[in-house]
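# Build me a model:
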Amino acid sequence: PLKIMALQRGSDQIARTIYKKVAVVETHFAQLIEHFETLCRTDTKFADRSDALSKQLQMYGEEETPGIQVALKAISECIHKQQEHRRQLVATIADNITSMLKEYEAVNKEMKNRVAEREKLKEKQLSKQKALERVQAREATNAAKIVSIVPGQSCSWHLRVHG
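Numbering: from 1, shown residues only. As a prediction, this is how the structure comes out:
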């Protein structure tokens, strides 16, 4: 019993540690995913606005003198290239980082479920062990009562039952 209790305490400590880690991951990963998704939406809106600015610069440049037209076209192309780069970064964040975080979050939930299932099995086994110990204790008590009822007499009934 002492050895079982020591193992149980160690197992309980491991389960508590896993639950704490899972809770930390659940809290922070949910927030990280939310922030990355917000960043992606914000950057996409910014890229769209920058594209509108780029087009407006091109349209304005078409009505200006050749020198100003070249300068505005260069600025417009620079803005457009920056936004294409921004869209690639957003796609990378959305495809790789956010999906990895969601995948890890799913693995984390699976680990939590496994630990919970293990704890249920352990509790079930422990209750069976306690029930067995109670039955054994009752049998020992009953045997002691039988012996105390008939002290000093031969157990002829024992011979008839078992003989």
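# Just the mean pLDDT for the host helix or strand of Lys109, thanks.
Taking DSSP states H and E as the definition, Lys109 sits inside helix 99-149. Predicted confidence along helix 99-149 averages 80 (mean pLDDT).
# distance between it and the chain's centre?
Between the centre of helix 99-149 and the centre of its chain there are 24 Å (CA atoms, centre = their mean, to the nearest Å).
# list the helices and strands that helix packs on?
Contact here means 3 or more CB pairs under 8 Å, 6 or more residues apart in numbering; DSSP states H and E; on that basis helix 99-149 packs against helix 2-62. In this view, the C-beta of every residue, glycine as well, is placed from N, C-alpha and C.
# Which SSE is immediately downstream of the helix it packs on?
Using DSSP H and E, the next helix or strand after helix 2-62 towards the C-terminus is helix 66-92.
# From Leu39, how far out is Lys45?
Spatial separation of Lys45 from Leu39 under the definition CB to CB, to the nearest Å is 11 Å.
# now do Glu62
Spatial separation of Glu62 from Leu39 under the definition CB to CB is 35 Å.
# follow-up on the earlier one: Lys45 and Leu39: which is more packed in?
In this view Lys45 and Leu39 are compared by other CB atoms under 10 Å, and Leu39 has more residues nearby, 16 against 10.
# How about that one, nearest residue that isn't a chain neighbour?
What sits nearest to Leu39 in space, not counting adjacent residues and going by CB to CB, 6 or more residues apart in numbering, is Ile93, at 6.7 Å.
# now Gln82
Of all residues beyond its chain neighbours, the one nearest Gln82 is Ser50 (7.1 Å), with distances taken as CB to CB, 6+ apart.
# Tell me the confidence at the one you found?
At Ser50, the predicted lDDT confidence score is 92.
# Met5 too?
If you check Met5, the pLDDT there is 50.
# Tell me which residue is most central in the chain.
The residue lying closest to the centre of the chain (CA atoms, centre = their mean) is Asn108, at 2.6 Å.
# Contact partners for the closest residue to it other than its chain neighbours?
The shortest distance from Asn108 to any non-neighbouring residue, by CB to CB, 6+ apart, is to Val25 (4.8 Å). With CB atoms under 8 Å, 6 or more residues apart in numbering as the criterion, the residues that contact Val25 are Tyr104, Glu105, Asn108.
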